[in-house]
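Visitor: my questions are about this predicted structure, shown below with the sequence.
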Amino acid sequence: MSVIEVTDLRKSYGGRTVVDDVSFTVDEGEIFGILGPNGAGKTTTVECVEGLRVPDAGRVRVTGLDPVADHARVARVLGAQLQESELQDKLTVREALELYAALYDKPADWRPLAERLGLTARLTTRFGKLSGGQKQRLFIALALIGNPRIVVLDELTTGLDPRARRDTWELVEDVRANGVTVLLVTHFMEEAQRLCDRIAVIDKGRVAALDTPAGLIRRSAGGTVISFTPSAPLDDRDLNALPALASVAHKDGRITLSGTDETVNAVITLLARSHVTAHQLRVSDATLDDAFLDLTREEAA
Amino acid sequence: MNIAVLRTETRLFGREPGSLFWILLFPTLLLVILGSIPAFHEHERDLGGLRTIDVYVPVSVLLGLIVSGLQAMPQTLTGYRERGILRRMSTTPVRPSALLTAQMTVYGAAALASALLALVVGRLAFDVRLPEQPFGYLLALLLTVLAALSLGALVSALSRTTKIAGAIGSAVFFPAMFCAGVWMPVQAMPDVLAEAVGYTPFGAASQALNQAAAGDWPGWAHLGVVAAWIVLLTAGAARWFRWE
């Protein structure tokens, strides 16, 4: 069952189209990623889902409700962590949790929430004195405090050190394990690849691709990378004739090819036919990074 | 109005020593300093037989209102918008207007407390008579608080950043104080000037408060000027206020 439906969403600011016919649905219980370069329209898209912005055209539904017209009801089922938002400097962690809990009819108990987010030792610390990681954890707690069915996390780990980032990822998985649907906005490939069930790649306001991380990698040209040092030179014509080949590179006597699984099979056949041995043969999947660059390349050029 | 938000904002106000001093204490402190000048205890013919200290009590009352509404509140509100605090509240079932009303309530209450302190200290320390028309005085006072708050709201609406809010606040602050009679009580101003000042929110307020203090019902003309300003300023604030 889908809990978020976005259909032909369009939004412009002063004549500049920021979101251009974006459509996707998010199923209950999944971690859905919105991935894209800075300024691609990711945040504007989720702000329309949160009801913070009014779409110029298109339809947004959250559990069947319109986030703008039915704002209060949507706010009860959707928790949000916003990019670049703060709290009052002199508000303590405990006061912030109590305040936000009081804004909902049936809030979660903030104590176990604070415990789970490692904030218990910081309850009397003022917001202004928290570290970046602690602030982010507090914002996750505030996003979860209304017992939401859906949580939107926008650039969750930006500015965190690698350790804090990994902790936060575990936390997001934990949140999903509790049955909460997660809409995750990010520009970190590693984060998207690790966490998301499905990803919408947004570039220049449009959905460039929508698939599982593995699917995105597979579908991009050069999803598989093959490298080896041949025992005898291979004919370039043979190499270039390989099926589904995306690129060929020679360096220090080593050949690096990218393509698909079909290319791998053909290379092995070619090597056997030519009686050439491949030293240090390595076959690896391209990362989401490669896939992303491939998906967004043409439009950048 | 959301009680949890109001409680939080009240608590946060208590953590701002600057606001506490300038709103609650400074006007009365100024009164005490002026009251320590012996000459200010003499009856002046220019002031209709009043002592200078008598006319400075209403001035101190207005000063607290102006500092609270015009200097303190726009800074806080603009900061809340600038730092995404209003936006954060927009994602909850409670609207960010809850923060706005809580702010106005807190600063309005602080302004009234400041006024009360000035009246009490004036009475106890310098034998300045309490307003002889208390209901008229209260009405004029409440209207003036609303005028100060709506002026502050307009400043927040027009200021994109706290720096701008500070600059506009100060630019309006000095004329407002002049009209309130901080440098020259309205009674001592030349007639033409006093009449002109009577059309400004705090000049009109000052005259309404003085009338009520002397035992008369404050003139409807003065109250009307203050009320008209409230409507005008509130409309402007509502027209231009941005949540982000």
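Guide: It's in. Numbers count the residues shown, from 1 in each chain, chains lettered A, B, ... in the order given.

Visitor: what helix or strand is B:Ser150 on?
Guide: helix B:134-158 (DSSP states H and E).

Visitor: how about the secondary structure of the residue nearest the centre of chain B?
Guide: In chain B, the centroid-proximal residue (CA atoms, centre = their mean) is B:Leu65; its distance is 1.8 Å. Classification of B:Leu65 by DSSP: H, G, I helix; E, B strand; the rest coil places it in helix.

Visitor: how about the contacts made by it?
Guide: Applying CB atoms under 8 Å, 6 or more residues apart in numbering or on different chains, we find B:Leu65 in contact with B:Ala111, B:Ser114, B:Ala115, B:Thr144, B:Val145, B:Ala148. C-beta here means a position set from N, CA and C on the backbone, and glycine is covered the same way.

Visitor: so the third one sits right up against B:Val61, yeah?
Guide: Read that as B:Ala115. Yes. Between B:Ala115 and B:Val61 there is a contact under CB atoms under 8 Å: 4.3 Å.

Visitor: I'd like to know how many residues surround B:Gly49.
Guide: 9 (other CB atoms under 10 Å in any protein chain shown).

Visitor: residue 62: what's it in contact with?
Guide: No chain in the question, so chain A it is. A:Val62 neighbours (CB under 8 Å, 6+ apart): A:Val3, A:Ile4, A:Val49, A:Gly51, A:Val74, A:Val77, A:Leu78, A:Ile150.

Visitor: let's do chain B instead
Guide: B:Thr144, B:Ala180, B:Gly181, B:Val182, B:Phe202, B:Ala205, B:Ser206, B:Leu209.

Visitor: repeat that with 7 Å
Guide: B:Thr144, B:Ala180, B:Phe202, B:Ala205, B:Ser206 (CB atoms under 7 Å, 6 or more residues apart in numbering or on different chains).

Visitor: and which of these is nearest to chain A?
Guide: If you rank the contacts of B:Leu62 by distance to chain A using CB to the nearest CB, B:Thr144 comes first, at 28.0 Å.

Visitor: show me what the longest helix belonging to chain A packs onto, helices and strands only.
Guide: Of all the segments of type helix in chain A, defined by DSSP state H, the longest one is helix A:162-177. Helix A:162-177 sits against helix A:132-144, strand A:181-186, helix A:189-195, with contacts defined as 3 or more CB pairs under 7 Å, 6 or more residues apart in numbering or on different chains; DSSP states H and E.

Visitor: and the last one, what does it pack against?
Guide: Which is helix A:189-195. Counting contacts by 3+ CB pairs under 7 Å, 6+ apart, helix A:189-195 packs against strand A:31-35, helix A:162-177, helix A:288-300.

Visitor: can you give me the strands in the stretch 1-150 of chain A?
Guide: A:2-13, A:16-27, A:31-35, A:57-62, A:78-81, A:150-154 (DSSP state E, counting those that start in this stretch).

Visitor: can you redo those strands as TSV with mean pLDDT and distance to A:Asp70?
Guide: Output for these, formatted as TSV (pLDDT from 0 to 100; distance: least, CB to CB, whole Å):
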stretch	mean pLDDT	distance to A:Asp70
strand A:2-13	94	14
strand A:16-27	94	18
strand A:31-35	95	21
strand A:57-62	95	8
strand A:78-81	94	11
strand A:150-154	95	14
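
Visitor: among these, which comes closest to A:Lys204?
Guide: A:Lys204 lies closest to strand A:16-27 among the strands of the stretch 1-150 of chain A, at 7.5 Å (CB to CB).

Visitor: can you pull the buried residues of stretch A:237-257?
Guide: A:Leu239, A:Leu242, A:Ala244, A:Leu245, A:Ala246, A:Ile255, A:Leu257 (16 or more other CB atoms under 10 Å in any protein chain shown).

Visitor: please read off the pLDDT at residue 162 from the model.
Guide: If you meant another chain, say so; for now it's chain A. We note a pLDDT of 86 for A:Pro162 in this prediction.

Visitor: ah, I was thinking of chain B
Guide: In this prediction B:Thr162 is given a pLDDT of 90.

Visitor: now do it against chain A, distance only.
Guide: Computed as CB to the nearest CB, to the nearest Å, the B:Thr162 to chain A distance reads 12 Å.

Visitor: am I right that that residue is in contact with B:Gly79?
Guide: Yes. With contacts counted by CB atoms under 7 Å, B:Thr162 reaches B:Gly79, the gap being 4.8 Å.

Visitor: those two: which is more packed in?
Guide: In this view B:Thr162 and B:Gly79 are compared by other CB under 10 Å, and B:Thr162 has more residues nearby, 20 against 17.

Visitor: before we move on, the earlier item: neighbour-wise, which of the contacts of B:Leu62 leads?
Guide: Most surrounded of these: other CB under 10 Å gives B:Ala205, at 33 neighbours.

Visitor: quick one, phi/psi of it?
Guide: phi -60, psi -40 (degrees, to the nearest 10).

Visitor: which residues touch it?
Guide: So B:Ala205 contacts B:Leu62, B:Ala140, B:Thr144, B:Ala147, B:Val226 (CB under 7 Å, 6+ apart).

Visitor: got TSV for those, with pLDDT too?
Guide: Below are the contacts of B:Ala205 laid out as TSV (pLDDT from 0 to 100):
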residue	pLDDT
B:Leu62	92
B:Ala140	94
B:Thr144	95
B:Ala147	95
B:Val226	95
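
Visitor: please identify the most buried of the helices and strands packed on helix A:189-195.
Guide: Neighbour counts (mean count of other CB atoms under 10 Å in any protein chain shown) averaged over each of the helices and strands packed on helix A:189-195 peak at strand A:31-35, with a mean of 26.
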